[in-house]
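**Student:** Sequence first, predicted model second:
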Amino acid sequence: MLKIENQEFSSRLILGSSMYKSFDELNQCIQTSETEILTVSVRREQFTKNNKHNFLDFLKSKKIKFMPNTAGCLNAKEAIQTALMAREIYQTNWIKLETVGHPYNLQPDPLALLEATKELMSQDFLVFPYMTDDLWLAEKLVNLGCQFLMPWASPIGSGRGLINEYNFSLIRKHFPQINIIIDAGIGRPSDATRVMELGADAILLNSAIAKAVHPENMAEAFCYAIKAGRKSFESGIMDKRISACASTSQINRPFWRNAGHAPEY
Amino acid sequence: MKIILNGEKYEIENANLSVLLAGLNLTQDGWAMALNGEFIPKNKLAAIILSEFDEIDIVRANPGG
């Protein structure tokens, strides 16, 4: 079970709610992915449109936990103020803290992330910091009191999977008690299985499901993949070998004459 | 008096923020606002008097990843 504060979640898949064709499609993906946590955002009210759009009403009809984000914020101040507005709207102290550092790969700004994390934790937020896979940064965040880390697998929306297994494994090894949620870059279910096998506690997905040809089916595929990866991690994976090792015993094989001696021809 | 509302110029006659908000037909909850980049909790809105070119952001729940 994934434990966050005093709540336990049987699903280790956190689903992004963006880019779906309709609320109905999102709803189907929530069901087939078996997710219990949905990421959401805040955006400016569109006064010119006649759509007092009912996303919050849609969310309230679901038995699901919300994880608001600060997507797109360019500095610590923007992220802090966005988090405060999100808390008032969604009535949760959870915040997926994002601070854009570079426009090309959208990598998080680590300095702004640290500054905003410190301030938001002082205001009783539960911070989920979206970060690069950087051991130094992970240590700083943990020292500030973070119980969760959200390193990227690769740049958001790139679908490249885990591009630096070494960096991820370093963070996993150094912080065995910290929940590590892979956020961004997962493209296919096998990517998800791999990072779960390496010890990730959960995965946050959006593009990989929403951009699939059949999102509801892909959501189900990710559900299986994440379960398989976690089960594999918990089961203890066999060591790799260089040479072959037959699984069927050679002893008492028909025509077997003498151990260690090949038949003579 | 001109203010900036969600990035657009907006003309108001009354500088009281509550009057502006009432005129926007906002629902009871599901929204939040910032004045000049600072979040203002709902229980502090009533006392605010706006100034020329104040920037107001009003946000709602939206999908996000």
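**Tutor:** Cool, got the structure. Numbering: from 1, shown residues only, chains lettered A, B, ... in the order given.
**Student:** gap between the two ends of stretch B:16-32?
**Tutor:** For stretch B:16-32, the first-to-last residue distance is 17 Å (Cα to Cα, to the nearest Å).
**Student:** And that stretch, how far out from the chain middle?
**Tutor:** In terms of Cα atoms, centre = their mean, to the nearest Å, the gap separating the centre of stretch B:16-32 from the centre of its chain is 7 Å.
**Student:** How about the residues of the stretch 151-265 of chain A by chain B?
**Tutor:** Within the stretch 151-265 of chain A, the residues that sit near chain B (Cβ under 8 Å from any Cβ of the partner chain) are A:156, A:204, A:206, A:207. For every residue, glycine as well, the C-beta is placed using N, CA and C.
**Student:** let's go with 6 Å and repeat that
**Tutor:** By Cβ under 6 Å from any Cβ of the partner chain, the residues of the stretch 151-265 of chain A that approach chain B are residue A:206.
**Student:** got any ranges where the stretch 151-265 of chain A has weak pLDDT?
**Tutor:** Residue ranges of the stretch 151-265 of chain A with pLDDT under 70: A:258-265.
**Student:** which residues in it form strands?
**Tutor:** Under the criterion DSSP state E, counting those that start in this stretch, strands of the stretch 151-265 of chain A are mapped to A:179-183, A:202-205.
**Student:** Mind jotting down where the helices sit in the chain?
**Tutor:** You didn't say which chain, so I picked chain A. Per DSSP state H, chain A carries helices over the ranges A:23-33, A:55-60, A:76-90, A:110-122, A:135-144, A:165-174, A:189-197, A:207-210, A:215-235.
**Student:** Hmm, no, I was thinking of chain B.
**Tutor:** With DSSP H as the criterion, chain B has helices at B:17-23.
**Student:** residue in it nearest to chain A?
**Tutor:** Taking Cβ to the nearest Cβ as the measure, chain B has residue B:64 as its residue closest to chain A, at 2.7 Å.
**Student:** which ones are touching that residue?
**Tutor:** A:18, A:39, A:40, A:41, A:69, A:71 (Cβ atoms under 6 Å, 6 or more residues apart in numbering or on different chains).
**Student:** Nearest residue to residue A:95 in space, please, no chain neighbours.
**Tutor:** Distance criterion Cβ to Cβ, 6 or more residues apart in numbering or on different chains; nearest residue to residue A:95, sequence neighbours excluded, is residue A:83 at 4.5 Å.
**Student:** near chain A, which residues of chain B?
**Tutor:** B:6, B:30, B:32, B:34, B:39, B:58-65.
**Student:** Any quick PyMOL command for the buried ones out of the residues you listed?
**Tutor:** To isolate the buried ones among those in PyMOL, judged by 16 or more other Cβ atoms under 10 Å in any protein chain shown, type:
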select buried, chain B and resi 6+30+32+34+39+58+59+60+61+62+63+64+65
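**Student:** hmm, back to that, check the contacts of residue B:64 against chain B, which are close?
**Tutor:** Filtering these for neighbours of chain B using Cβ under 6 Å from any Cβ leaves A:18, A:39, A:40, A:41, A:69, A:71.
**Student:** Let's have the helices of chain A in JSON lines, adding distance to residue A:242.
**Tutor:** Putting the helices of chain A into JSON lines (distance: least, Cβ to Cβ, whole Å) gives the following:
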{"stretch": "helix A:23-33", "distance to residue A:242": "39"}
{"stretch": "helix A:55-60", "distance to residue A:242": "53"}
{"stretch": "helix A:76-90", "distance to residue A:242": "49"}
{"stretch": "helix A:110-122", "distance to residue A:242": "40"}
{"stretch": "helix A:135-144", "distance to residue A:242": "30"}
{"stretch": "helix A:165-174", "distance to residue A:242": "20"}
{"stretch": "helix A:189-197", "distance to residue A:242": "21"}
{"stretch": "helix A:207-210", "distance to residue A:242": "34"}
{"stretch": "helix A:215-235", "distance to residue A:242": "22"}
